[in-house]
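Visitor: my questions concern the predicted model and sequence given below.
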Amino acid sequence: MRGATQAKWAMAAAAVALAATACGGNAGSGSGSGSNAAVDPKGTFSYQSSEPQNPLQPANAMEVGGGRIIQSIFKGLVDYDPATGKIRNQVADSITTKDSKTWTVKLKSGWTFHNGEPVTAHSFVDSWNWSANVKNNQINSFWFSDIKGYSDVHPDKGDPKSDTMSGLKVLDDHTFTIELSAPVSYYEYKLGYSAFSPLPKAFFTDPKKYGQQPIGDGPYKFVKWEHNKGVTVAAYDKYAGVDKPKNGGVFFKVEATGEAAYQELLSNTLDVMDLVPASALATYKTDLGSRAVDQPQGAIQAISFAMYNKDWQGKDKNLVRQGLSMAIDRDTITKTVLQGSRQPADSWVPPGVAGYKAGSCGDACKYDPAKAKELIKQGGGVPGNKITILYNADGSHKEWVDAVCNSIRQATGVDCTGDPKPDFKTARDIITQKKATSLMRSGWVQDYPLNANFLKDIYVSGADANDGGYSSPEFDKLAHAADKATSIDETVALYQQAEAQLAKDMPSIPLWYYKSTTGYSTSVQNVKYDSFGNPVFTQVEVKKK
Amino acid sequence: MGRYVARRLLQMIPVFLGTTFLVFMMVYSLPGDPIKAMFGDHAADPATVAHLKHQYHLDMPWWQHYPLYVWQLLHGDLGQTFGGVDVSQVLSQAFPVTIRLALLAFVIEIVVGLGLGLLAGLRRGKVADKLVLVFTLLVISVPVFVIGYICSTVFGITLAWTTPTVQDSNNLGQLLLPAFVLASLSLAYVARLTRTSLVENVRADYMRTAMAKGLPRRRIIVNHLLRNSLIPVVTFLGTDLGALMGGAIVTEGIFNVQGVGNALYRAIRASEGPTVVGIVSVLVIVYLISSLLVDLLYAVLDPRIRYA
């Protein structure tokens, strides 16, 4: 299995190398855009980052800045193959279940933390118990809520009754079992999230100090954290994973603005970019030539209806919602306003995610002004003939919200305006308190590349991220059945059926999928991005100077 | 003089308390919940939110929280950021950078601004004067971020004399370009102020007397003309030092300088009360001290002004 993956990688690398040399000639940038330069396996490179908002503990990084650093320092039971998005074993030797409720995890031997301590079943179980404990204030503690006994360590109110979750049992040094409170047929996919990383014994003696100097088991070991300047990590020579680093280390450089980072990229003082700023989208492909990256990401932008508002309830209102969706000219908006940085959506699950079904949104996601008008009329019209789209003004959403509104107004005559809120937290406050009245922006970036993540977490009645308050017995039934399935394929298929229900009810309008629009400098090569939008750090090759 | 200084220093206490209170209240009344925002698009887990709010005292009403904050402040505890870093540490990292940047800009402002002002003021109506007026008008009318981007692109990428952004925020040589950009606006004001003031004073009676006495030109200009003309300029410079430190947000962003401006911007975005109050309080102290120094300088420049 491992040999096959390696071979696939080599093929991919060769293909990219060929393409790069071919393009290099055309771009005319000459010096070093080809891939034939000698590679320095000890060479380090810098990457556009931001100051981590929390101490570097695996269950405490929700935001991108800390999240990517954590992912380079830690490796959990499984991760996702960056080329295919398929799940692959890392520390786990096997993860098996018979009923989707009790999972048996066997670990490989030979994995060590950066301080030499071996990675055992205890490293995982202790880590999860600590991270789930409400006393430890870990932002990602809700990730453990599937495990039996979670409410003992994480009660809604008051102090925890226990320090350990009863669902976790260590059988021997390399085996443990996870009992869930209800079946989750795709639980192994969740285990790839960084919150499920193991922790060494050193962590538990002083978690606070550890948060400033983490010790992990991943491809890179922590070197230093210069606050507001950057975090340095170096390749770990005893790393036991399948993705051994091809470079000497990474400097996660704090960049104040995307614009500043882009200027640095142009002058080779920054090597790998996270995301090209909106101001450079029009020019980055000419600026960077073959070093520009443009590929799909597992993230979607949608606008959700406030289904808890009476205006959007009623038998035929789904026709109105479909009509509004049909009135949006996604192709033109993504090409013009968004400068090709997004791909028009025709489903609720982005491509590249297991279970993506092209065209599941059907005609509703195809621009058709005449039919849009007709459907809205058929459904009894938009209440007050007026809609608003709530969004946060600090995230460059204004341009596309205005464009979507224009499109709706021109196609259907429904009055549509943007409803900007000053920043993300203000907008989230209004949305989570269910005070939005019409439509609201809702984006979702995959936690793991499986369609369940885009459906269950957002559209099941009462789900955590069900901002619009959508509730459909049919959808819930299918999702429930999918969670009880005995194979991933069955799960995926059942969730696809559930997605079809969304197309009928249209609780939210899928707009477009995100893309990684980014690039890299002339001193590195073989820079690829996975469907999370992360560069595949271990694959980056630094050229000899 | 000593009593005057002591009185002014004592006056700083209520001003300091007042500003911390105002800033504290402003951060407190910002819309949105900073703790819930940490969860992104995921729903915030209420138990964790409650624990975190308790840890940062955000579950208290302001009339309990503010006294607690001041009490901790008196004990030298500036509080913590949401990332668990002591605010004092944030301050001690950001301020040296910004002080360097601001002082460098301040020196540029004085040397270049005064130089241009002198040149223009002494050659009123000549070509040099016209050129200075046009140049300063241009600098005043073009926003700082435009000047910043142009400088960054031209010097950093097109000419490649330097890097487009600052690589090491503690390196004076690298801070030179951002310091020039930061100083540009004030520099233009200083030049224009100096020029106007000089032009006015050239016609003063004491100048005619000095000239009639047959004093050397150099002595007339430096001891008589310049000394009298500098009072408005010094007032401007004094208040500007504070503005340079606090107003560097745009310049620091363009050149990726990890100073106070960036730290403040981040803290405001995250509604990190203790950090915002800490940074602003230090800035207030800088303002207060530099305005005290300006007042003392008046007496040096004009012996008629006395403090008791």
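Guide: Cool, got the structure. Numbers count the residues shown, from 1 in each chain, chains lettered A, B, ... in the order given.

Visitor: I'd like to know how many residues surround the residue lying closest to residue A:355 once chain neighbours are set aside.
Guide: Nearest in space to residue A:355, with sequence neighbours left out and distances taken as Cβ to Cβ, 6 or more residues apart in numbering or on different chains, is residue A:451 at 3.0 Å. C-betas here are computed from N, CA, C, even on glycine. Per other Cβ atoms under 10 Å in any protein chain shown, the neighbour tally for residue A:451 reads 28.

Visitor: ditto for residue B:218
Guide: Residue neighbour count, defined by other Cβ under 10 Å, stands at 8 for residue B:218.

Visitor: then residue B:172?
Guide: 12.

Visitor: what are the phi and psi values for it?
Guide: Dihedral pair for residue B:172: phi -60, psi -40, per degrees, to the nearest 10.

Visitor: how much space between it and residue B:107?
Guide: In this structure, residue B:172 and residue B:107 are 11 Å apart, going by Cβ to Cβ, to the nearest Å.

Visitor: try residue B:28
Guide: Plainly put, residue B:28 is 38 Å away from residue B:107 if you go by Cβ to Cβ.

Visitor: surely the residue nearest to residue A:355 meets residue A:495?
Guide: Yes: using Cβ atoms under 8 Å, residue A:451 is in contact with residue A:495, at 4.8 Å.

Visitor: one step back: can you give me the pLDDT of the residue nearest to residue A:355?
Guide: Per-residue pLDDT puts residue A:451 at 94.

Visitor: got it, and residue B:162?
Guide: 85.

Visitor: look at it and give its secondary structure.
Guide: Using DSSP: H, G, I helix; E, B strand; the rest coil, the structure places residue B:162 in coil.

Visitor: tally up the residues packed near it, please.
Guide: Look at residue B:162: counted by other Cβ under 10 Å, it has 17 neighbours.

Visitor: returning to that earlier point: neighbour count: residue B:28 and residue B:107, which is higher?
Guide: residue B:28 (15 against 12).

Visitor: for residue 182, which residues are in contact?
Guide: Unless you meant another one, I'm taking chain A. Residue A:182 makes contact with A:101, A:146, A:483, according to Cβ atoms under 8 Å, 6 or more residues apart in numbering or on different chains.

Visitor: please refer instead to chain B.
Guide: Taking Cβ under 8 Å, 6+ apart, one finds B:101-102, B:105, B:144, B:244, B:247-248, B:251 in contact with residue B:182.

Visitor: return the subset of these lying in helices.
Guide: When DSSP state H defines the helices, the subset of the contacts of residue B:182 inside them is B:101-102, B:105, B:144, B:244, B:251.

Visitor: just to revisit the earlier point, which among the contacts of residue B:182 gets closest to chain A?
Guide: Chain A lies nearest to residue B:251 out of the contacts of residue B:182, by Cβ to the nearest Cβ, at 10.4 Å.

Visitor: contacts only, for the closest one.
Guide: With Cβ under 8 Å, 6+ apart, residue B:251 has these contacts: B:101, B:144, B:148, B:178, B:181-182, B:257, B:261.

Visitor: which residue is the nearest non-sequential neighbour of it?
Guide: residue B:182 (4.6 Å).

Visitor: could you do residue B:78 as well?
Guide: residue B:87 (3.9 Å).

Visitor: what of residue A:494?
Guide: Spatial nearest neighbour of residue A:494, excluding adjacent residues (Cβ to Cβ, 6+ apart): residue A:482 at 3.5 Å.

Visitor: count the neighbours of that neighbour for me.
Guide: A total of 26 residues lie near residue A:482 under the criterion other Cβ under 10 Å.

Visitor: list the buried residues of the one helix or strand it maps to.
Guide: If you go by DSSP states H and E, residue A:482 is part of helix A:473-484. Neighbour counts over helix A:473-484 (16 or more other Cβ atoms under 10 Å in any protein chain shown) mark A:475-476, A:478-479, A:481-484 as buried.

Visitor: please apply the same query to stretch A:153-163.
Guide: A:153-154, A:160.

Visitor: which ones among the residues you listed also lie next to chain B?
Guide: Counting by Cβ under 8 Å from any Cβ of the partner chain, residue A:154 from the buried residues of stretch A:153-163 sit close to chain B.

Visitor: where does the stretch 1-150 of chain A dip in pLDDT?
Guide: Applying pLDDT under 70 to the stretch 1-150 of chain A flags the ranges A:1-36.

Visitor: name the residues of it found near chain B, please.
Guide: Taking Cβ under 8 Å from any Cβ as the measure of proximity, the stretch 1-150 of chain A contacts chain B at A:51-55, A:62-63, A:134-135, A:137-139, A:141-142.

Visitor: separation between whatever residue of the stretch 401-545 of chain A ends up closest to chain B and residue B:40?
Guide: In the stretch 401-545 of chain A, the residue that lies nearest chain B is residue A:425 (3.1 Å; Cβ to the nearest Cβ). Computed as Cβ to Cβ, the residue A:425 to residue B:40 distance reads 11 Å.
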